[in-house]
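Novice: I would like the atomic coordinates for the input below:
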Amino acid sequence: MAGEHSSKQYDQDLEAIRSKMLQMGGLVETQFQDAITCFRNGDVERAERVIRTDEDVNRLEVALDDTCSHLIVKRQPAANDLRSVMATIKAITDLERIGDEATKIARTAKNMHERGIPAGLNHYDIVRAIAANTGDMLHDALDAFARFDKTLAAGLIARDKLIDQEFALILRSTITFMMEDPRTISAALDTLWVAKAIERIGDHAKNIAEYVIYVVEGKDIRHTDYASRQEEGQQ
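Specialist: Residues are numbered from 1 along each chain as shown. Alright, predicted model coming up:
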């Protein structure tokens, strides 16, 4: 009976950690969406809220890291359980960095709208597509982690290439804006800075997807062309 009770408590501890990590994920997802809204409409009050929320994200990271460390020392998980805990620790770090990037977007949006945006530069339209695709990617990465869905995770890894291509297009278009009208240089650089932050959020979402593969398959696929190998295997 004592062993059964201990095992049940251990399972509850693992589930509590994953639940808290997904709560953190929901927080940074909202942070990102609010930051993009600020960039679109210049809502300074919302931008300040995004910036304040980053402190909550940081506290969650520290608390979850501590909880995971204690679980490893106390329970000494093996095999799949250990991979799950290690993947959670890594995902927590990526979520904290997503929060940092969302905060950068909010700060940039606040500064741009306080300074004024020059006529002829539709700054939000420039990042609309990459922001929407990255938001979807982050949501799906959290969903894949919640269910340890290997198929969804593999698809996300492939989708990151689209985000990179969109950023390259934005880079070219903002350079064109600056060359054609030097008055847009400051705002164009800010827009490029926001696009880069969005692209990095896509990278972190891809990392979370890679951790799902690590838990399910026991393979560390970082720095490999996993998506291409999967496509070849299906042919």
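Novice: so what's the gap between the helix or strand harbouring residue 15 and the chain middle?
Specialist: Under the criterion of DSSP states H and E, residue 15 resides in helix 2-41. Put simply, helix 2-41 sits 13 Å off its chain's centre (Cα atoms, centre = their mean, to the nearest Å).
Novice: mind listing what's buried in stretch 85-98?
Specialist: Within stretch 85-98, the residues that qualify as buried by neighbour count (16 or more other Cβ atoms under 10 Å) are 85-92, 94-98. Quick note: C-beta positions are derived from backbone N, CA and C, even for glycine.
Novice: farthest-apart pair in the residues you listed, please.
Specialist: Pairwise distances across these (Cβ to Cβ) peak at 20.4 Å, for the pair 85 and 98.
Novice: thought residue 117 was touching residue 125?
Specialist: No - counting by Cβ atoms under 8 Å, no contact exists between residue 117 and residue 125, whose distance comes to 12.0 Å.
Novice: when these two are compared, which one has more neighbours?
Specialist: residue 117 (17 against 11; other Cβ atoms under 10 Å).
Novice: distance of the more buried one relative to residue 174?
Specialist: 13 Å (Cβ to Cβ, to the nearest Å).
Novice: now the host helix or strand of residue 179: buried residues?
Specialist: If you go by DSSP H and E, residue 179 is part of helix 150-180. Residues 150, 152-157, 159-160, 163, 166-167, 170, 173-174, 177-178 are the ones in helix 150-180 that count as buried (16+ other Cβ under 10 Å).
Novice: point out the other helices and strands that that helix packs with.
Specialist: Under the contact definition 3 or more Cβ pairs under 8 Å, 6 or more residues apart in numbering; DSSP states H and E, helix 150-180 sits against helix 123-147, helix 185-217, helix 226-234.
Novice: next one: the longest one to chain centre, how far?
Specialist: Between the centre of helix 185-217 and the centre of its chain there are 6 Å (Cα atoms, centre = their mean).
Novice: hang on, the earlier thing: tell me the angle the helix holding residue 15 makes with helix 185-217.
Specialist: 160 degrees (axes from the mean of the first three to the mean of the last three Cα atoms, to 10 degrees).
Novice: only the buried residues of helix 2-41, if you could.
Specialist: Of all the residues in helix 2-41, those buried under the rule 16+ other Cβ under 10 Å are 13-14, 17-18, 20-22, 24-25, 27-29, 31-39.
Novice: same question for stretch 185-194.
Specialist: 186-188, 190-192, 194.
Novice: how about stretch 102-109?
Specialist: Here stretch 102-109 shows 102-109 as buried, counting by 16+ other Cβ under 10 Å.
Novice: those in helices, which ones?
Specialist: Cross-referencing the buried residues of stretch 102-109 against helices under DSSP state H gives 102-109.
Novice: for residue 87, see how far away the closest residue to residue 101 other than its chain neighbours is.
Specialist: If the residues on either side of it in the chain are set aside, residue 101 comes closest to residue 197, at 4.3 Å by Cβ to Cβ, 6 or more residues apart in numbering. Distance, residue 197 to residue 87, by Cβ to Cβ: 24 Å.
Novice: how about residue 33?
Specialist: With Cβ to Cβ as the criterion, residue 33 and residue 87 are 25 Å apart.
Novice: could you list the low-pLDDT ranges of the protein?
Specialist: Scanning the chain for pLDDT under 70 picks out 1-6, 120, 223-235.
Novice: residue 130 against residue 194, yeah?
Specialist: No - in terms of Cβ under 8 Å, residue 130 does not count as a neighbour of residue 194; the distance is 9.5 Å.
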